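1. Pasting the sequence and the predicted model now:
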Amino acid sequence: MRNIKLTIAYDGTDFSGWQAQPGQPTVQGALTDELEKLTQRRLMIHAAGRTDAGVHAAAQVVNFKTQAELAPEEFQRAFNALLPPTIRVNAAEEVGPDFHARWNALAKRYQYRIYRGLVVPPFVWKYVHHDAFELNFDAMAEAARLFLGEHDFSTFAASSGSEEDDRERTTVRTIYQSEWSRVPASSSANPDAEEWVYIVRGRSFLRHMVRKMAGTLVEVGRGKLAPDDVPKLLALRDRSKSGMTMPAQGLCLESVEYPDPANSLAAKEKYREALK
């Protein structure tokens, strides 16, 4: 049995999230349907993270196991020929049997984009949240740093939809990076416009966690909350107390990190050759 790893990008606008759902267009569903055509088997595809409806990905990582003899580059070409243009396979490789896109991930990096200008260009509106009102960037940046470290993020987690699952899930998460940056927005119609980009990197995330964190930081920017309210909200462990959940279209999974490619068959082959 071979294990194939894909790095994919997708525009989440027209999808009901990553996870396959009956009667709904999803990224996992689209990949699974095309993989079935290629292998004549209905195979399970695992992802590093389950993005929600409307959320994008620049470098989502997935893997599946198959007995098909297609080379990784043949899988890549075939997927890109069959899939809609809103999903692209950017890389494919064969990895060791123990590799799992979700369980082997060391960290994920997300970004949330806020467009700061009077008019959003039609070329970017699907990928940003528009907020032209007054916001205190420095206060938001100060508050963002208070998410760093290991905390119980119950306050910033949406319900899983099951009370039993909510009781049993672990809500402690570790955040390695939490910061805002300013990026000039290229637009001849809005020369003074810019984007404020929230970058957050962590081991793993709860449902809607990044969007709730970003929404809380925006409320700090509006003066509804103070930066030192962030530790207080974390201590409450009450999801009804968090800031707003930001709209999905501003969020993108930027990258997923893994250990050194010890699981890569190519790396193992080079190691064997070196020992000869």
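-> Happy to help now that I have it.
2. Helix or strand: which one has residue 182?
-> Per DSSP states H and E, residue 182 falls inside strand 172-184.
3. which helices and strands sit right next to that strand?
-> Contacts defined by 3 or more Cβ pairs under 8 Å, 6 or more residues apart in numbering; DSSP states H and E place strand 172-184 against helix 137-145, strand 149-152, strand 194-202, helix 209-221. (Glycine included, C-beta is placed from N, CA and C.)
4. Please name whichever of these is nearest to residue 25.
-> Residue 25 lies closest to helix 209-221 among these, at 20.9 Å (Cβ to Cβ).
5. Contacts for the closest one, please.
-> Residues from elsewhere that reach helix 209-221 (Cβ atoms under 8 Å, 6 or more residues apart in numbering): 110, 112, 114, 131, 135-137, 139-140, 143-144, 147, 153, 155-158, 173, 178, 180, 198, 200, 225-227, 229-230, 233, 239, 242-248, 250-251.
6. Send me that helix as PDB with only the CA atoms.
-> C-alpha atoms of helix 209-221 as PDB (Å, rounded to 0.1, in the frame of the first residue of the first chain):
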ATOM      1  CA  MET A 209     -11.000  29.700  17.000                       C
ATOM      2  CA  VAL A 210      -8.900  32.000  14.700                       C
ATOM      3  CA  ARG A 211     -12.000  33.900  13.500                       C
ATOM      4  CA  LYS A 212     -13.100  34.500  17.200                       C
ATOM      5  CA  MET A 213      -9.600  35.600  18.100                       C
ATOM      6  CA  ALA A 214      -9.500  38.000  15.200                       C
ATOM      7  CA  GLY A 215     -13.000  39.300  16.100                       C
ATOM      8  CA  THR A 216     -12.000  39.900  19.700                       C
ATOM      9  CA  LEU A 217      -8.900  41.800  18.500                       C
ATOM     10  CA  VAL A 218     -11.100  44.000  16.200                       C
ATOM     11  CA  GLU A 219     -13.300  44.800  19.200                       C
ATOM     12  CA  VAL A 220     -10.100  45.900  21.000                       C
ATOM     13  CA  GLY A 221      -9.400  48.100  18.000                       C
END
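7. Which neighbouring elements make contact with the next helix or strand after it?
-> Remark: after helix 209-221, the chain's next helix or strand is helix 229-236, criterion DSSP H and E. Helix 229-236 is packed against helix 209-221, with contacts defined by 3+ Cβ pairs under 8 Å, 6+ apart.
8. okay, the angle between the helix it packs on and strand 194-202?
-> 130 degrees (axes from the mean of the first three to the mean of the last three Cα atoms, to 10 degrees).
9. and helix 209-221, average pLDDT?
-> Helix 209-221 comes out with an average pLDDT of 98.
10. and that helix with strand 172-184, angle?
-> Taking the same axes, to 10 degrees, one finds helix 209-221 and strand 172-184 inclined to each other by 60 degrees.
11. Name the residues of the strand holding residue 182 that are buried.
-> For strand 172-184, burial by neighbour count (16 or more other Cβ atoms under 10 Å) applies to 173, 175, 178, 180.
12. now do the same end-to-end measure for stretch 9-28.
-> One end of stretch 9-28 sits 12 Å from the other (Cα to Cα, to the nearest Å).
13. how distant is that stretch from the center of its chain?
-> Centre-to-centre, stretch 9-28 and its host chain are 13 Å apart (Cα atoms, centre = their mean, to the nearest Å).
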